[in-house]
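# Here is a sequence together with a model predicted from it:
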Amino acid sequence: MSSYEAFNDDENSFGMSADEEDIMNSMLIKTELAQPVRLSKSMLYDLISNFYSRNGIKCWSEGVVPHFITSNAFVAKCYVHIFAGFIADCFLEGCENESGFRLDPNEKLYIIEIGAGFGKFAFHFLKILHEISSTLRFPMNQICYVMTDIVQSNIDFYKTQQNLKPFLDEGIIDFGRFDATADVSLTLQVSGVEISSKNPAVNPIVFITNYVFDSLPNDVFQVRDSQLYEGLITLGSCRENETDPNDPKFLEFMQNKFTYKRVKNELDYYLNCEGKKTELECQLSLILNFYKQSFSESSGLDDAAASFILPVGGMKMLNNLSKFCENRMIMITSDKGTFNPDNFYGLKVSVVGVNLNGQVVFLN
C-alpha cells in the first residue's frame, strides 16, 4: 500500500490557480522523461554524477564549479587550527574515558577529504600543517591526508601534481576512490590499506566535506494544515521529442516541476523494499515526524505551513563514514544551508536549476 494519497491541487495555492499552474508547467516541460518520483530516487542525481564524470578536473580548472570559498589558504588555516585543537583535546586528562577519543601515536591518524575537487584545499592544508608540525602533540609521519573523489581520473590527476609530490614522498598523503552514498569501505591506492567496518581505523578519523552535502540526494517536504506532504519531481525537457537524457546537451534544456502528495504515515515513509527499516531509516522517519509536529498547527503559530528538505544522502554518508572508525570521528565542513527553523516557514516552490555550463544545482 502506498504511504501517501493524492494532494488536492485546488488547495495548493502559490499565488496562482491550479489551471494557471498547469499552463505554466506545460510551457516549461514539452517532453516528460519520467513519472513523478521522490527526489532522492530521481534520475537527477545520475545526471549530476554523469556531469562530474564527463567533465573531470575541468569542473574546477575551468571554473564550472565554484570552489574559491572553500579552497583558499585562509579557510585551510582555520581547518588546520581546528585539527590541532582536536589533537590537543584528545590528550587532555580524562578525555579518553569521557569520549573514547584516544590517540595512539603508533597508528595512523587519518584526515579524509570527501570530494577533493582539484586538490587546492589539500595542498594549502598540508602546507600549513607542515609549518606548525613542531607544535603538534602527534608525530607528523603518522598523519595521513587522504584525497578522495568519485571520479578516478581526478585521483589520477592528484597523483601527477608537483605541488603534492613532497607530501607524497614523505608518506603523509594517499588517495582513494569513494562514492559518498554507496561505498562502505575505502581502499587507499598508495598504501593499499582498506578502511571499513571490518577493518576500522585505530585512531579517530577527521573528515573534511566541503561542498559535499549539496550534491547528495535530498527529499522535499511540506507541512500544511498539520499534514505532511512529499514533493515528487518530474524531469523533462523544453524541447520536443527529447530522447536521450544522457546527452550532454540535455542539461541545457532540462526542466522540472514538483507535485505534492500527502504522506499518510511519516513513521513508515522510509521503509525499504522488504517493508522494514534500518537504523538509519528509523532515524529519518523520526526526523520527519519531528518536523511535522514542529510545523503543525499545534505549535500555536498562526501560519504553520512550512517547506523543507531532508538530506537523506548526507545522512547516509555520515552513517557509512561512522563505521570506518567505530563512531569516533569529527567532521569539518563548509557548505550553504540554514540552521534557523524560522526560515522553513511558508509554502515555497522547490526548484532544480542548471547553470550555463550544464551543472545541476538544487535550490532550496
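Sure, I can see it.

# Backbone dihedrals for Asn106, both of them.
Phi and psi for Asn106, reported as degrees, to the nearest 10, are phi -90, psi 0.

# Report the contact partners of the closest residue to it other than its chain neighbours.
In this structure, Asn106 finds its nearest non-sequential neighbour in Gln142, 7.4 Å apart by Cβ to Cβ, 6 or more residues apart in numbering. Any C-beta I mention is one placed from the backbone N, CA and C, and that applies to glycine too. Contacts of Gln142 were listed using Cβ atoms under 8 Å, 6 or more residues apart in numbering, and they are Pro105, Asn106, Glu107, Lys108, Leu109.

# Next: Asn55.
So Asn55 contacts Val64 (Cβ under 8 Å, 6+ apart).

# Walk me through the domains of the protein.
According to automatic domain parsing, the chain is divided into the following domains: 4-56+219-310, 66-214.

# tell me the mean pLDDT for the shortest one?
For domain 4-56+219-310, mean pLDDT is 75.

# Kindly report the same for the last one.
Per-residue pLDDT values over domain 66-214 give a mean of 91.

# re the thing from before, what separates the residue nearest to Asn106 from Ile111, distance-wise?
According to Cβ to Cβ, to the nearest Å, Gln142 and Ile111 sit 12 Å apart.

# One more: Val184?
Distance of Val184 to Ile111, given as Cβ to Cβ: 20 Å.

# Neighbour count for those two, which is higher?
Shown here are Val184 and Ile111; by other Cβ atoms under 10 Å, Ile111 has more neighbours (23 against 13).

# Moving C-terminal from the host helix or strand of that one, which element do we reach first?
Here Ile111, judged by DSSP states H and E, is contained in strand 109-113. Next helix or strand after strand 109-113 toward the C-terminus (DSSP H and E): helix 120-131.

# CA atoms only: put stretch 196-204 into PDB for me.
Presented in PDB, the C-alpha positions along stretch 196-204 are these (Å, rounded to 0.1, in the frame of the first residue of the first chain):
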ATOM      1  CA  SER A 196      35.900  -0.300   6.600                       C
ATOM      2  CA  SER A 197      33.700  -1.600   9.400                       C
ATOM      3  CA  LYS A 198      35.600  -4.900   9.300                       C
ATOM      4  CA  ASN A 199      38.900  -3.100   9.400                       C
ATOM      5  CA  PRO A 200      38.300   0.300  11.200                       C
ATOM      6  CA  ALA A 201      40.900   2.800  11.800                       C
ATOM      7  CA  VAL A 202      42.500   2.600  15.300                       C
ATOM      8  CA  ASN A 203      42.500   6.300  15.800                       C
ATOM      9  CA  PRO A 204      39.500   8.600  15.300                       C
END
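
# next one: that stretch to chain centre, how far?
Centroid separation for stretch 196-204 versus its chain: 22 Å, with Cα atoms, centre = their mean, to the nearest Å.

# hmm, back to that, next, the angle helix 120-131 makes with the strand holding Ile111.
150 degrees (axes from the mean of the first three to the mean of the last three Cα atoms, to 10 degrees).

# What strands line up against strand 109-113, and which way round?
Strand 109-113 has the following strand partners under DSSP bridges: strand 143-149 (parallel), strand 205-208 (parallel).

# Of the ones you listed, which is nearest Ser53?
Closest of these to Ser53 is strand 143-149, at 10.3 Å (criterion: Cβ to Cβ).

# what's the angle between the helix or strand following that closest one and strand 143-149?
Remark: after strand 143-149, the chain's next helix or strand is helix 152-159, criterion DSSP H and E. For helix 152-159 against strand 143-149, the angle by the same axes, to 10 degrees is 140 degrees.

# can you tell me the helix or strand for Asn50?
Using DSSP H and E, Asn50 maps to helix 44-55.

# buried stuff in stretch 226-239?
Residues Gln227, Leu228, Tyr229, Glu230, Gly231, Leu232, Ile233, Thr234, Leu235, Gly236, Ser237 are the ones in stretch 226-239 that count as buried (16 or more other Cβ atoms under 10 Å).

# Name the nearest of those relative to Tyr158.
Tyr158 has its nearest neighbour among the buried residues of stretch 226-239 in Leu235, at 33.0 Å by Cβ to Cβ.

# Leaving out the residues flanking it, which one is nearest to the residue nearest the centre of the chain?
Nearest to the geometric centre of the chain sits Phe213, at 2.2 Å (Cα atoms, centre = their mean). Counting by Cβ to Cβ, 6+ apart, Phe213 lies nearest to Gly314, which is 4.4 Å off, once chain neighbours are set aside.

# Any chance you could list what contacts whatever helix or strand that neighbour lives in?
For Gly314, the element it lies in under DSSP H and E is helix 312-322. The set of residues external to helix 312-322 that reach it, using Cβ under 8 Å, 6+ apart, is 40, 45, 112, 114, 180-181, 183-184, 205, 207, 209, 212-213, 216-219, 270, 279-280, 283-284, 329, 331.

# Just checking, which helix or strand succeeds it along the chain?
Remark: after helix 312-322, the chain's next helix or strand is strand 329-332, criterion DSSP H and E.

# so how far is that following strand from its chain's centroid?
14 Å.

# Run me through the strand neighbours of that strand, direction for each.
According to DSSP bridges, strand 329-332 has these partners: strand 205-208 (parallel).

# Compute the inter-axis angle for the helix or strand containing Phe175 and helix 152-159.
Taking DSSP H and E as the definition, one finds Phe175 inside strand 173-177. Here strand 173-177 points in a direction 170 degrees away from that of helix 152-159 (the same axes, to 10 degrees).
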